[in-house]
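**Student:** the following block contains a protein sequence and its predicted model.
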Amino acid sequence: MEKTPSYFVTREAPARISAMSRDTKLIVVVRDPVTRAISDYTQTLSKKPDIPSFESLTFKNRTTGLIDTSWSAIQIGIYAKHLDNWLQYFPMDQILFVSGERLISDPSGELGRVQDFLGLKRIITDKHFYFNQTKGFPCLKKAEGSSKPHCLGKTKGRTHPNINPEVVQRLRDFYRPFNMKFYQMTGHNFGWD
């Protein structure tokens, strides 16, 4: 097992992984690309508080509303483009897309899909989780080999900055055709509109 958030968007990754093992099963967690872009910005902001505003990074030209697709926070959420690259090396039945939103709202249900995809017995259920109100995420009641609960680290669940609703709507409009193509490619509507 190997995990990194950058594999899905790295152009060379599918060929390299395929050369290593064509039978590899791939699991990709995706979330609403607008929320994902804001979250990406929030993380960068926590490390570099003097970066430009989200709005100024989002647009090439604010007046025309032209989105800057060279900004990685925007680029990553164009999932259909990245999936096109992966499908040159792996069939769809070897790729599972996990909903980041459902991991929060129904972690055992989404992990049930993962267990099924991997051909594993379903052993993770609702009883393994509790919702941490402070973090806003589910946590494991007791991590394997530990006597205490396990929650996501302090870098997860940060409060996002307020983004102008017009900017959010412009991004929703921008991503819509890419999302529709992604839904069609995966056979799954993630409900991001």
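**Tutor:** Arrived safely.
**Student:** ok, T4 to P149 distance?
**Tutor:** Between T4 and P149 the computed distance is 25 Å (C-beta to C-beta, to the nearest Å). Every residue, glycine included, has its C-beta placed from N, CA and C.
**Student:** those two: which is more packed in?
**Tutor:** The neighbour comparison of T4 against P149 (other C-beta atoms under 10 Å) goes to P149, with 13 against 8.
**Student:** for the more buried one, what are its contacts?
**Tutor:** 130, 139-143 (C-beta atoms under 8 Å, 6 or more residues apart in numbering).
**Student:** phi and psi next, for the spatially most central residue of the chain.
**Tutor:** Residue closest to the average C-alpha location in the chain (C-alpha atoms, centre = their mean): V30, at 2.9 Å. Dihedral pair for V30: phi -120, psi 150, per degrees, to the nearest 10.
**Student:** so it is in contact with I78, correct?
**Tutor:** No - taking contacts as C-beta atoms under 8 Å, V30 lies outside contact range of I78: 11.3 Å.
**Student:** show me the shaky parts of this structure.
**Tutor:** By pLDDT under 70, the low-scoring segments of the chain are 143-145, 153-158.
**Student:** hmm, who's touching the top helix by length along it?
**Tutor:** Taking DSSP state H as the criterion, the chain has its longest helix at helix 165-186. Taking contacts as C-beta under 8 Å, 6+ apart, the residues outside helix 165-186 that touch it are 33-34, 37, 54-55, 58, 65, 67, 74, 77-81, 83-84, 87, 92, 97, 189-190, 192-193.
**Student:** repeat for stretch 94-104
**Tutor:** With contact meaning C-beta under 8 Å, 6+ apart, stretch 94-104 is reached by 23-32, 36, 83, 86, 109-111, 113-114, 117, 136-138, 186, 188, 190-191.
**Student:** mind giving me the ChimeraX select for those, buried ones only?
**Tutor:** The ChimeraX selection below is limited to those of the contacts of stretch 94-104 classed as buried (16 or more other C-beta atoms under 10 Å):
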select :26,28,29,30,31,32,36,83,86,110,111,113,114,117,137,138,186,190
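**Student:** so which of the contacts of stretch 94-104 sit within helices?
**Tutor:** Using DSSP H, 36, 83, 86, 109-111, 113-114, 117, 186 are the members of the contacts of stretch 94-104 that sit in helices.
**Student:** most widely separated two among the residues you listed?
**Tutor:** Farthest pair in the ones in helices among the contacts of stretch 94-104 (C-beta to C-beta) is W86 and G109. Separation: 24.7 Å.
**Student:** if we can go back for a sec, filter the contacts of P149 down to the buried ones.
**Tutor:** Buried members of the contacts of P149, scored by 16+ other C-beta under 10 Å, are 139-140.
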